[in-house]
Every structure is written in structure tokens, then in C-alpha cells.
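In: Coordinates for the following, if possible.
(one chain, ligands or ions: 1)
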Amino acid sequence: MSMVVGSIHADFYISVDRFPQVGETVIGLGFSVFPGGKGANQAVGCARLGAETFMVGAVGGDDIGRAMVENLKRNGVVVKHIFVDRSVHTGVAFILLNTETGDNMIVVAPGADNSLKPHHVEKALEEEAQRVRTLLVQLEIPLETVYAALRKGKELGLTTILNPAPAKPLDESVYRYVDVIVPNRIELEQLTGATVKSLDDVFRASEILVKHGVKAVVTTMGSLGAALVAQDVKKLVKAFRVRVVDTVGAGDAFCAGLAVAIGENMELEEAVRFANAVAALKITRQGAQSVPTRAEVESLLEKESTST
Ligand code: RIB
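Out: This next block holds a predicted model:
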């Protein structure tokens, strides 16, 4: 069982065959709206992979907010801890998707994400402590809320997972409340101040976080896979090769996979492999919440293990 604390957005996509330069207008290839927000993406991911999932977040009192909550419900996420702030708009993201490369550029207007306060999260955690095993948090909500969630989660004996995205400087004292941190290469650089170019750099920078009290660092490295560093492991777990359609939400799908696997007591390395499979299948489809089902993930894992 998972609890996800974080952002809820509507994603407005324009697909392009190249990104504009500053001051330039380019004509897009198409427009679509998808549910998004790192928190909501991770919650939908956990639910689709079979975990009972609580979402703690905030929306505005607008049609977008209502639609995003309905979407979470439809995906099996428990929405009773979503708070409505009628004085602000629901968070939105504008996304340029490059159809040639699968790369993206994203701008977020957080709106109600900023209304999520420590007391909302503490109350949700206290009420659900008996049912939840893993807590998953990202950085699209106020930092004081992130800190309160991790502190409370730890106090209640949960496994805490922090996805430090988008990158922000963090107070080092928070690491003692984090069991697993899941940065990408750039976030790892920003958190540690180290230059991270090679796999060895990733290992060295991860050790800095381990020294601060994090039990495991799992750095997502795109098509290379994910680098796992914990007390007795230092390993690159290779990615699955797939045809890239849309990388938006790949990190979120990975985090959901990791949280569900850890919640089921998989060994860390096996959990990272499971998360790699979830992220691989997600990037073959458009939309941040186009996370695969459990059956799809298991079939990819099986296919790969019989072909190696
Ligand atoms: O990680 C992808 C997400 O980042 C998008 O869904 C967008 O809403 C932004 O929050």
C-alpha cells in the first residue's frame, strides 16, 4: 500500500518537430490535454501496478481540478485526502513534445500545489498509518510540506522514497528521514554539488547522500538504466530497449514501479529492474500517466529474462 504526496496537474501538450529558439514562433503538429503532475502520475502508476494507493494533494475549485480528481478515482486511487482550495487554479503544465526525438520541455504553473500544507499531510498519514507501507514524495509542493511528510512518515515506520524533482536545494538534515532517493543525473549534481558525467561520478555523488543518512540512492539515467548505490551494492541496472514516443512522466513511472516493488519486499536490485520495465513501457505511449498494467510489466520482464 502506498501513499503519494505531491502535485496534481492537467498537462497541455503541443507536439513539434523542433523546439523554438528564444523569440521564435514554430507551428505545432498537434495539441492534446492529459492528466499529469508528478504526484498524480506516481499515484496512478502505483494503483495501476496493483497497490492500494492514497493521493495527498490539492486542486483548485475549477473544472480542471474536478476532472483531475475524477481521473484519479477512475484509476483506482483513493482521493479522500485531496484538498480543494477554491481561491486558486489547479496546477497546469505546458509541455512541448519533440516528436523527432521524444524529448520535452515543461513549464509548470503550480496553483493549488502550493496550498498543500504540512497539516494536510500529517493528518492523512496519521489516519492511514495502519494501511500504508511506502510513502512517495516529490518537490512540486512546498518544501516545508515535503519535510513534514518525510519526518512524519519515518516516525510512523513507513519506507520513505523521495524523488527530488524538479531539482531544488534541500536542507541536509532531511536525508535522515529518507530511505530511498531517486534523482536523475542533473538532480544528483544539484543535490551534491558534484559534477556528474560518468557512471563513476554517479557512484561517487551517491555516496555523499548515503553519508548524509539516505539508505539507498537510485539514479535514473535514461536509456542507460538506473544506478543503484546502497551500503553493500554499487551497480548499474540496465534499461530495456524500446521505441521512444514520449518521455514525459518516465521518471514518475519509474518511481511508482520502485515504490510498489519495495512495498512488496522485493530486493533493491530486483525492484530497480521492475521499475526500469515500468518506465520502458511508459515511454512507448503518449501522456504522463500512460503507465503499463502489472500484467504488461510482468510479460516484459519474463520476455527479457528468457531472451538473455
Ligand atoms: O514528470 C512529468 C510531470 O511534470 C508532468 O505530468 C507535468 O505536469 C510536470 O509536473
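In: how about low-confidence regions in this protein?
Out: Low-confidence regions of the chain, defined by pLDDT under 70, span residues 307-308.
In: Tell me the secondary structure at Ala280.
Out: Using DSSP: H, G, I helix; E, B strand; the rest coil, the structure places Ala280 in helix.
In: For the ligand, see how far away it is.
Out: 16 Å (C-beta to the nearest ligand atom, to the nearest Å). Any C-beta I mention is one placed from the backbone N, CA and C, and that applies to glycine too.
In: Any idea how many residues pack against that residue?
Out: 24 (other C-beta atoms under 10 Å).
In: same question, Tyr177
Out: 22.
In: same check, this time on Val178
Out: Neighbourhood size, Val178 [other C-beta under 10 Å]: 25.
In: now Arg133
Out: For Arg133, using other C-beta under 10 Å, the count is 17.
In: got it, and Ser223?
Out: Quick note: Ser223 (other C-beta under 10 Å) scores 13 neighbours.
In: Next up, the contacts around it.
Out: Ala239, Arg241 (C-beta atoms under 8 Å, 6 or more residues apart in numbering).
In: what's the answer for the one 5 residues further on, then?
Out: Residues touching Leu228, when contacts are defined by C-beta under 8 Å, 6+ apart, comprise Ala216, Val217, Val218, Lys234, Lys235, Leu236, Val237, Leu268, Glu269, Val272.
In: Right, and the ligand sits closest to which residue of this structure?
Out: In the chain, no residue comes nearer to the ligand than Gly36, which is 2.7 Å away by C-beta to the nearest ligand atom.
In: give the contact list for that residue.
Out: By C-beta under 8 Å, 6+ apart, the neighbours of Gly36 are His9, Ala10, Asp11, Ala93, Ile95, Val248, Gly249, Gly287, Ala288, Gln289.
In: switch to 7 Å and redo it
Out: By C-beta atoms under 7 Å, 6 or more residues apart in numbering, the contact set of Gly36 is His9, Ala10, Asp11, Ala93, Ala288, Gln289.
In: what do you get for Val174?
Out: Tyr147, Leu150.
In: what are the ranges of the strands in the chain?
Out: Counting by DSSP state E, the chain has strands at residues 2-5, 9-16, 30-36, 53-60, 77-85, 91-98, 104-109, 134-137, 159-162, 180-181, 216-220, 225-230, 233-238.
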